[in-house]
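>>> Build the 3D model from these lines:
(2 chains, ligands or ions: 2)
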Amino acid sequence: MIKLEHVSKTYQEGVPALDDVSINIEKGEFVFVMGKSGSGKSTLIKLLLKELNPTEGEIYISGKNLSKINHKNIPNFRRKIGVVFQNFRLLQDRNVYENVAFALKVVEAPTKEIKRKVPLMLSLVNLAAKYKSLPRQLSGGEQQRVAIARALVNEPDILLADEPTGNLDDTNAWEIMKLLEEINERGTTVVVVTHNTEIVRKMNKRVIYIKNGRVVTDGEWGDINEA
Amino acid sequence: MKLNTFFYNFGQGLKNIWRNKLFSLASIATMTACIFLFGLFYSIGSNFKQMVRTAEEGVAITVFFDPGATQDQIDNIGNELSKRGEVKEYHFVSADEAWESFKTEYFKGKEELAEGFANDNPLANSANYEVYLNDISMQGELVTYLESLDGVREVKQSEVAADTLSDMNKLISVIFIGVIAILIAVAVFLISNTITVGISVRKEEIAIMKLIGAKDSFVRAPFIVEGVIIGFVGSVIPLVLLFFMYQTVIVYVAEKYNILNNFISFLPVGTIFHVLIPVSLLLGIGIGYVGSRLTIKKHLKV
Ligand SMILES: Nc1ncnc2c1ncn2[C@@H]1O[C@H](COP(=O)(O)OP(=O)(O)O)[C@@H](O)[C@H]1O
Ligand SMILES: [Mg+2]
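Ligands and ions are numbered 1, 2, ... in the order given. This is a model prediction of the structure:
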C-alpha cells in the first residue's frame, strides 16, 4: 500500500532530513513512526501526501508512483489519504460540525452526503454533543478528535497522523490511540507518528524508528529496545 | 462545479468581502467612480456626437447657376457632382420648388401674403443643386472645384465649421479613452490589493484545503467571486446614480432653458442606457474578474 525506495529529502542545501529510507507498509497495517524531534518524521508524512517531493528515490502509494502524478491529479490522489496534522490545524472561525464538513465541502461532496456523514463521524469520535462549539472552546483531546473526524469523514484508504497525542495527557492520549486502533480495525491503513514510548509499548504494533533521517530499526517494540 | 459547491464558494467570497470591509469598500468606491465617469463621458459624449452628427447632416452646399445657364450646363454640373466620391447625395431644386419651400417656412399661417407673388416668382434665379457630403472635411476642396465649372454663379456653403467639429470629436474620444484607462488601472490595482489581503488572511485555510484534496478551481473560486461581486456592485451603483441624474438633467434643462431646446436635443434615457447598462456591467465584472485572476496567479500558488 505504501512503499518507499531509497528515499532522501534535503531541504535547500542542508543536511538531509531523510536519508536513503526504504519502507514497505501493507494494506490494513497499523504502524508507529518514532524518533526524536527533528529526526524527519514530519518530512516523511509530507512526502507521503506529496506536499513535498523527494530529492531522491521513489514513493508508491496504492501502486502509483507519486513522481508520476501530475499537478491536475494531485487532489484526487490526496482524497484517498486522511491526515491528522501536527497541532490539529482546525479552522478557528468554524465550529466542530463545520470543521468536519469542510473536508467534504472541499472535495465537492453533495449536501445530502455531508448531512449524513458528518453527524455519524462526530458520534464515532464522541463529539456529537459539542458540534456547535468552536475549537478554542474545546480541550486538546477534543480538538484532536475533531481533527481525526475531519481526516476520516472522506473515508480514506490511509490515515496519516502526525503526533496526534503530542500535547495530550495520558488518559486523553490513550483514548485517541484506541480510536485510531478502532479505525484501523475497520480496514484503514494507519500510520502514526509519535514519541510517546509508553503508548507504543502498550499498543504492541510495528514500529519504525528514525534517527537523523535514517531508519534505524523496523519491527516490534522489543526490537527497538534491543537496538 | 456543483450547485452546492457554487453556493459554498459564493458564500466564502461574500465572507472575504465582509471580513475585509475597508479594502472591499475602497475597491467598490473606486470601481463606482470609474464606471460613473465612464457613464458620464459616455452620456455626454454620445449626446455631443449626436449633436455634431445632426449639425453635419444639415451641412449642405448649395450650387446656384448663372442666369443664362443652359439646361446642358446644368445637367453637366449634375454629372460632375455624381462623379465625386465625397458627395453623398445631391438633388436639383427648381426655382418653383425653392419658392414653395421658402413660402412654407416664412409665410406660415399667412399664406395670403405670399399670394401677391403668385405669378412672379421672386426667387426666379434660385434654381440650385443641394449637395450633401459623406466627408465634411472635403467641403472646401469641392467648393473650389464647383466654382470653376461653367454655368456656376455661386456656391454657398454652410457656416458650421465642419473641420472644427470633427477635430473636437476626436479630441473628446481621446480624453475619454485616456481617463477610462487610468481609472481601470486604479480599479484593478485596488481589487488586486483587496484580494491579496483576502488570500493572506486565509493562508492556513488554503494550505489545509489543498492538503485534503481541493481542486485548484475550488481554491480559487472564492477570490474570483470576491472580484466579480466588487465589480458588479461597483457598476450597479453608478448606473443607478447616472440613471436618475440623466433624467433629472434632461427635465431640468428642458424646463429652465427651453430656449436651448433648438440647439440641444438630448438622446432619450432608453437610448443611452440600452448601451450603458450592458457595457458598464461587462466592464465592471470584467475588471473584477481580471483583477482577481491576476492576483491569484501571483499570490495563490496552487
Ligand atoms: N521547510 C523546511 N525547510 C528547511 N528545513 C526543514 C524544513 N522542515 C523541516 N526541516 C528540517 O528537517 C529536519 C526534519 O524535520 P521534521 O521532519 O519536521 O522532523 P520531526 O517531525 O521528526 O520533528 C529538521 O532538521 C528540520 O529542521
Ligand atoms: Mg514533526
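>>> Can you tell me the closest non-neighbouring residue to residue 77?
Picking chain A for this. Distance criterion C-beta to C-beta, 6 or more residues apart in numbering or on different chains; nearest residue to A:Phe77, sequence neighbours excluded, is A:Ile69 at 5.4 Å. Any C-beta I mention is one placed from the backbone N, CA and C, and that applies to glycine too.
>>> ah, I was thinking of chain B
The shortest distance from B:Ile77 to any residue other than its chain neighbours is 5.7 Å, reached at B:Leu149 (C-beta to C-beta, 6+ apart).
>>> Quick check: which element contains that neighbour?
Taking DSSP states H and E as the definition, B:Leu149 sits outside all helices and strands.
>>> next one: phi and psi at it?
phi -80, psi 150 (degrees, to the nearest 10).
>>> Check the spacing between the residue in chain B that ligand 1 sits nearest to and chain A real quick.
Nearest to ligand 1, among the residues of chain B, is B:Ala207, at 12.8 Å (C-beta to the nearest ligand atom). Plainly put, B:Ala207 is 8 Å away from chain A if you go by C-beta to the nearest C-beta, to the nearest Å.
>>> still on that earlier bit, for burial, what's the neighbour tally of the residue nearest to B:Ile77?
By the criterion of other C-beta atoms under 10 Å in any protein chain shown, B:Leu149 has 15 neighbours.
>>> shaky segments in chain A?
A:224-227 (pLDDT under 70).
>>> helix, strand or coil for the residue most central in space within chain A?
Central residue of chain A (C-alpha atoms, centre = their mean): A:Leu160, 1.7 Å from the mean position. The three-state label given to A:Leu160 by DSSP: H, G, I helix; E, B strand; the rest coil is strand.
>>> Please report the distance of it from A:Lys132.
28 Å (C-beta to C-beta, to the nearest Å).
>>> Pretty sure A:Val207 sits in a strand.
Yes. A:Val207 forms part of a strand when assessed by three-state DSSP.
>>> give me the number of residues near it?
Counted with other C-beta under 10 Å, A:Val207 comes out at 24.
>>> next one: B:Gly85
8.
>>> thinking again about what came up before, wait, isn't the residue nearest to A:Phe77 in contact with A:Lys50?
Yes. The criterion here is C-beta atoms under 8 Å, and A:Ile69 meets it with A:Lys50 at 6.7 Å.
>>> Compare the two (neighbour count), which wins?
A:Lys50 (18 against 15).
>>> Wait, a helix at the more buried one?
No. Under three-state DSSP, A:Lys50 sits outside any helix and is assigned coil.
>>> distance of it from A:Ile81?
Separation of A:Lys50 from A:Ile81 (C-beta to C-beta): 9 Å.
>>> Equivalent analysis for A:Val193, please.
In terms of C-beta to C-beta, A:Val193 sits 14 Å off from A:Ile81.
>>> Equivalent analysis for B:Ile191, please.
36 Å.
>>> same thing with B:Tyr8?
23 Å.
>>> When the two are compared, which one has more neighbours?
A:Ile81 (25 against 22).
>>> in the sheet, who's paired with the closest residue to that one other than its chain neighbours?
Distances taken as C-beta to C-beta, 6+ apart put A:Ile158 closest to A:Ile81, at 4.8 Å, once the chain neighbours are dropped. A:Ile158 forms beta bridges with A:Ile81, A:Thr189, as assigned by DSSP bridges.
>>> In terms of helices and strands, where is residue 179?
Just going to use chain A. Per DSSP H and E: helix A:170-185 holds A:Leu179.
>>> Sorry, I should have been clearer: chain B.
Assigned by DSSP H and E, B:Val179 falls in helix B:162-201.
>>> Past that helix, which element shows up next along the chain?
Following helix B:162-201 toward the C-terminus (DSSP H and E): helix B:203-211.
>>> Now do stretch A:185-199: distance from first to last residue.
With C-alpha to C-alpha, to the nearest Å applied, stretch A:185-199 spans 18 Å between its terminal residues.
>>> Going by neighbour count, list what's buried in it.
A:Thr188, A:Thr189, A:Val190, A:Val191, A:Val192, A:Val193, A:Thr194, A:His195, A:Asn196, A:Ile199 (16 or more other C-beta atoms under 10 Å in any protein chain shown).
>>> Correct me if wrong: A:Glu51 contacts B:Leu211.
Yes. Judged on C-beta under 8 Å, A:Glu51 makes contact with B:Leu211 at a distance of 6.1 Å.
>>> ok, these two, which is more surrounded?
B:Leu211 (19 against 16).
>>> Can you give me the distance of the more buried one to A:Ser37?
Distance from B:Leu211 to A:Ser37, by C-beta to C-beta: 22 Å.
>>> and the most centrally placed residue in chain B, what element?
Nearest to the mean C-alpha position of chain B, by C-alpha atoms, centre = their mean, lies B:Ser46 at 3.1 Å. Assigned by DSSP H and E, B:Ser46 falls within helix B:21-58.
>>> mean confidence score for that helix?
For helix B:21-58, mean pLDDT rounds to 83.
>>> Likewise for stretch B:10-18?
Rounded mean pLDDT across stretch B:10-18 is 92.
>>> thinking in terms of the whole chain, how far from its middle is it?
36 Å (C-alpha atoms, centre = their mean, to the nearest Å).
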